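# fold the stuff below for me.
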Amino acid sequence: MGEMKSREVQLIFPESPSEKESPSGFKSYSCVIKQKTGEDVYSLVERFRNEVFPAITGDDMREESHRENVSLSQIINLHNAGEIRQRSTSISQMREKIESGEHVLMADDTPNIKLAKTSEGELVCFDGHHSTLAYMTAGRKYLREVPHLVVSDSTGGGLKDEEIHVFFGVH
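Purely as a prediction, here's the structure:
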């Protein structure tokens, strides 16, 4: 049986979705999950959504102030441009929702935008590409302004290159 890796999953929720100019703070939750042998990041996040997220209460969330200004344009987006153009209607609908003061979330209220931290410290968007574009077209500039989930190594480092390769699919 292979070695189980520990992964940190962090949720970030801005305090106010209606504040266009950098909300004053955010709420966060983080936990360490043992990644099962052969389990990829997609499956790890699904397990988090099914096993951990339903039990989180408001008391579990920490209130924090801004730590860093990560520009949404700095996030590595692994989506092809053709698909983005085909989805422009859904992006427009999401933008309207954001502009009306709501966030774009999944049906279970987890963030739609999911990122993986690489060993070089870069952030790779592996889910929520259209939501990221919708937030950008609604005037958001920084990652702290949008709800998101980040998966990293539990030591604070990033995922190894071979773990990031799952996002590129089979070629």
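# every contact and neighbour count from this point should use C-alpha atoms.
Will do.
# which ones are touching the most centrally placed residue in the chain?
The structure's the chain has its C-alpha centroid closest to K114; by Cα atoms, centre = their mean the separation is 2.6 Å. Under the criterion of Cα atoms under 8 Å, 6 or more residues apart in numbering, the contact partners of K114 comprise C125, F126, D127, G128, H148, L149, V150, V151.
# any idea how far G139 is from G156?
Relative to G156, G139 is positioned 30 Å away (Cα to Cα, to the nearest Å).
# neighbours of T89, how many?
With neighbours defined by other Cα atoms under 10 Å, the count for T89 comes to 11.
# A strand includes it, no?
No. Remark: T89 does not belong to a strand; assigned using DSSP: H, G, I helix; E, B strand; the rest coil, it is helix.
# tell me the pLDDT of it.
pLDDT for T89: 70.
# does the residue nearest to the centre of the chain count as helix, strand or coil?
If you use three-state DSSP, then K114 falls in the strand class.
# so what pLDDT did it get?
On pLDDT, K114 comes in at 94.
# mean pLDDT per helix and strand in the chain: which one sits at the bottom?
Sorted by mean pLDDT, DSSP states H and E, the helices and strands of the chain end with helix 81-86, the least confident at a mean of 53.
# quick revisit: select from the contacts of K114 the one having the most neighbours.
Comparing the contacts of K114 on neighbour count, V151 comes out first with 27 neighbours (neighbours: other Cα under 10 Å).
# check for me that it belongs to a strand.
Yes. Using three-state DSSP, the assignment for V151 is a strand.
# that one against K117, yeah?
Yes. Between V151 and K117 there is a contact at 6.3 Å, judged by Cα atoms under 8 Å.
# for the contacts of K114, give me CSV that also has pLDDT and distance to I98.
Listed next are the contacts of K114 as CSV, based on pLDDT from 0 to 100; distance: Cα to Cα, whole Å:
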residue, pLDDT, distance to I98
C125, 91, 19
F126, 88, 21
D127, 90, 18
G128, 91, 14
H148, 95, 14
L149, 95, 18
V150, 94, 21
V151, 94, 24
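# nearest to D60, of these?
Within those, the smallest distance to D60 is 15.6 Å, found for L149 (Cα to Cα).
# how close does the closest one get to V104?
Applying Cα to Cα, the value for L149 to V104 is 13 Å.
# mutual contacts of these two, please.
Shared contacts of L149 and V104, defined by Cα under 8 Å, 6+ apart, comprise P111.
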